[in-house]
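Chemist: the following block contains a protein sequence and its predicted model.
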Amino acid sequence: MKLTAKLFFIASIIFPYSIIAQNIRLASPDGAIVFSFRLTNQSAFYNVTYKGKTIIENSSLSLKFSDGDFVNNLRLQKPIYGEDDEKYELVVGKTKTVNEHYKEVTIPLQQTVTPNRKINFTVRAFNDGVAFRYNFPDEQNKHSFILTDENNAFNFSGKTIVRTLFLPNYTSSHEGPYHTLPVSDVKEDTLMDLPTLFETPEHIFVGVTESDLLDYAGMYLIKEHGMIRSKLSPLPGQTEIKVKANLPHHSPWRVLLISDRVGALIESNIVTNLAEPCRIKDVSWIKPGKTTFPWWNGNVVPDTINAPGNNFVTNKYYIDFCARNHIEYHSVVEYGLHEWYTNDGAGFVPGPNADVTKPVPGLDMKQICDYAKSQGVGIRVWVYWTALYKKLDAAFDQFEKWGLDGMMVDFLDRDDQEMVNIQTEILEKAAAHHLHIQFHGAYRPTGMNRTYPNEYTREGTRNYEVNKWSEGLFADHDIYMPFTRMLAGSTDYHLGGFRAVPDSLFITQYTRPLMRGTRCHMLAMYVVLENYLAMVCDYPAAYEGQPGFEFIKEVPTVWDETKVPSAKVEEYVAIARKHHDDWYIGAINNHEARQITIPLNFLSDGDYVAEIYTDASDVRTNPNNLVKQIKNLKKTDNITVQMASGGGTVVRLLKK
């Protein structure tokens, strides 16, 4: 999969060593981003500037180990500079072929006092961001380490705005409301999830996240003594130890996506650029697409179905719906609040005799898989992670024998080193059995769709499942997603609810849940969100014959190219994604009605037939109404649309 042609070179630095020691400077290929490293009083600090403006200044870098701190008494050795043009392909992603040019410097550091630890600090600069990581080399008298803290400061100006998800602790589903406030108003000692978006007073946007999270603890941000710093998730059962590993080893990349155009952060491929190349040799079986998820709608079936339940007849109803409408997968989840597999626990929590290799009585999984295959539909299942993991090898053997294609693994709710390794093991072993994985109740993506492209998507955000038991999601929550959580990668929602009502008529109902916002807003979410396994959550009769369903049937889930022609944080966003010769545009709005203009200058030359779906004039009372127009357009044209409160628009551009 890796098509890179290495152009690395090692350059001898011509400056005197004393000058090097004062300031090591690495600029992005276009020169706009500059990362500066220095030792002050034998401690490490860095600055970041963008187009000559300081973003992060005088920020310390330090590590704490069980046998001493890597903070003071540091000596700098000669840095090693390099440069690379890397080209690779993504099996699943927002871009098919990635071609990235970056510059790099590795800065060897050594303590001058016991334990005389050596660490190589590596910085990599792209035109749309910068990243750094710690490399821990093997040493003669030390072959393992225990890390108790990684303290990276991010010293933003107090007037910088932060948009983030605050979390109560390290064990979380990473779901909740996002907040916007000045850095100066952030409460001390409150965890901030990644990605977090910062906006400087000069309106420079900085998205902080991480990439290549393997055999390490997940990272958070926290405010301590007025400074934003990193924190690592501790190993279970204690609070001190964060990482235990053999040498050599390295941290994940600490990523700063940077631009004065917020759409550039959405377009960026830095997170996958920094991830390891694909570890799966044969990827021909990996086929992303859309999937049912009947749990969301309450497993609705027609009254004419005989004896619905966890059985063949209920699943056949959904499989036939998929076959008629070219939906790639059907998910077998539960019925009557009992999962499809044997479990003596309550509320989906595995009991002592839970067994994912044994379906409940009356459910023949092989029969379901065989029938689905005959109709050109794949079958997936839902599993609670502990029920799966205790029988991982036996379960994957059985799933492959049945003919399953993949699964949702749920309720992981941790990102300590142990859980990170468990998820890696699940991906590796699933790939050996040609199974794809969708993680729910899980931390953000970290580029694993490049390393393990059988990872189709992750949740890690509050989404439309809450409409079943709460006041539901408002458009003001949705509009946060492209600028925060989605900066890390694929973002899984329970999409496809086709029963929108005015806010005044919204009520909570577990079966046939209602939606806020307009039908066009829902359709646009299929394009706005990067998601390689988009759900089609409602029941068949809710879709067939309904306006806009034809768009859901047509919209792809993986893309050749992504552009953001128009966006304003927290207000609206229009995202254009290319699939083969055609383009799809999705635009969503917050609570304010507005008119936006979408330039089409990202198109190639030639003519396009545009199918344009917009909010109807009466959506305030009938939010499921929409207007569909057909127009001939080209790259010199613009599309001007009126979006209602909580509204949206979608466009399908077919190349003539």
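Modeler: That came in fine, so what should we check first? Fair warning: this is a prediction, and the values are worked out from it, not measured in the lab.
Chemist: all helices for the stretch 401-550 of the chain, in order.
Modeler: 417-432, 448-451, 475-478, 519-528, 540-543, 549-554 (DSSP state H, counting those that start in this stretch).
Chemist: okay, now Ile327: neighbour count?
Modeler: Other residues within reach of Ile327 by the criterion other Cβ atoms under 10 Å amount to 23. C-beta: built from backbone N, CA, C; applies to glycine.
Chemist: mind checking the SS state of it?
Modeler: In three-state terms, and counting by DSSP: H, G, I helix; E, B strand; the rest coil, Ile327 is coil.
Chemist: what pLDDT does it get?
Modeler: The predicted structure scores Ile327 at 98 on the pLDDT scale.
Chemist: show me what contacts it?
Modeler: If you count contacts by Cβ atoms under 8 Å, 6 or more residues apart in numbering, Ile327 has them with 289-292, 321, 377, 536, 553.
Chemist: rerun at 7 Å
Modeler: Neighbouring residues of Ile327 by Cβ atoms under 7 Å, 6 or more residues apart in numbering: 290, 292, 536.
Chemist: mind jotting down where the helices sit in the protein?
Modeler: 17-22, 262-267, 270-274, 312-325, 365-374, 385-389, 392-402, 417-432, 448-451, 475-478, 519-528, 540-543, 549-554 (DSSP state H).
Chemist: at which residues are the strands of the stretch 1-150 of the chain located?
Modeler: In the stretch 1-150 of the chain, the strands defined using DSSP state E, counting those that start in this stretch lie at 24-27, 33-40, 43-50, 53-65, 68-70, 74-76, 80-89, 97-111, 118-126, 129-136, 144-154.
Chemist: deepest-packed of the ones you listed, please.
Modeler: Stretch with highest mean neighbour count among the strands of the stretch 1-150 of the chain: strand 129-136 (a mean of 23; mean count of other Cβ atoms under 10 Å).
Chemist: residues in contact with it?
Modeler: Strand 129-136 has contacts (Cβ under 7 Å, 6+ apart) with 33, 35, 48, 63, 119-124, 145, 211, 247-258, 268, 270, 274.
Chemist: what sits against Arg458?
Modeler: Contact analysis of Arg458 by Cβ under 7 Å, 6+ apart lists 439, 442, 444-445, 490, 492.
Chemist: which of those residues lies closest to Val300?
Modeler: In terms of Cβ to Cβ, no member of the contacts of Arg458 lies closer to Val300 than Asp492, at 21.5 Å.
Chemist: the closest one: how many residues sit nearby?
Modeler: Asp492, neighbours per other Cβ under 10 Å, totals 26.
Chemist: same check, this time on Pro502
Modeler: 13.
Chemist: go on, the one 4 residues further on?
Modeler: By the criterion of other Cβ under 10 Å, Phe506 has 17 neighbours.
Chemist: from Ser268, how far off is it?
Modeler: 36 Å (Cβ to Cβ, to the nearest Å).
Chemist: again, but for Asn306
Modeler: Counting by Cβ to Cβ, the gap from Asn306 to Ser268 is 52 Å.
Chemist: what does Gln367 give?
Modeler: With Cβ to Cβ as the criterion, Gln367 and Ser268 are 46 Å apart.
Chemist: so which of these two has more stuff around it?
Modeler: The residue with more neighbours, out of Gln367 and Ser268, is Ser268; 24 against 14, by other Cβ under 10 Å.
Chemist: and for the closest residue in space to that one that isn't next to it in sequence, the neighbour number?
Modeler: Spatial nearest neighbour of Ser268, excluding adjacent residues (Cβ to Cβ, 6 or more residues apart in numbering): Asp128 at 4.6 Å. Look at Asp128: counted by other Cβ under 10 Å, it has 23 neighbours.
Chemist: can we start the residue count at 55 from this point?
Modeler: Done: numbering now begins at 55, and the last item shifts to Asp182.
Chemist: ok, Asp182 touching Ile324?
Modeler: Yes - assessed by Cβ atoms under 7 Å, Asp182 is found in contact with Ile324 at 6.4 Å.
Chemist: returning to what we had before: Lys148: which of the helices of the chain is closest?
Modeler: Among these, helix 316-321 comes nearest to Lys148, with 8.1 Å by Cβ to Cβ.
Chemist: gap between that closest one and the chain center?
Modeler: Helix 316-321 sits 14 Å away from the centroid of its parent chain (Cα atoms, centre = their mean, to the nearest Å).
Chemist: equivalent analysis for stretch 511-527, please.
Modeler: Taking Cα atoms, centre = their mean, the mean C-alpha location of stretch 511-527 is offset from the chain mean by 15 Å.
Chemist: quote the end-to-end distance of that stretch.
Modeler: Terminal residues of stretch 511-527 lie 21 Å apart, using Cα to Cα, to the nearest Å.
Chemist: go on, stretch 418-437?
Modeler: Start-to-end, stretch 418-437 (Cα to Cα) is 17 Å.
Chemist: report the buried residues of that stretch.
Modeler: 419, 422-423, 425-426, 431-437 (16 or more other Cβ atoms under 10 Å).
Chemist: how many residues are close by the closest residue to Gly212 other than its chain neighbours?
Modeler: Leaving aside its chain neighbours, Gly212 sits nearest to Ser238 (3.9 Å; criterion: Cβ to Cβ, 6+ apart). For Ser238, the count of nearby residues is 13 (other Cβ under 10 Å).
Chemist: Asp636 now?
Modeler: 16.
Chemist: can you tell me who it pairs with across the strands?
Modeler: Here Asp636 sits in beta bridges with His633, going by DSSP bridges.
Chemist: same question, the one 4 residues further on
Modeler: In this structure, Gly640 has the following beta-bridge partners (DSSP bridges): Ile629, Val704.
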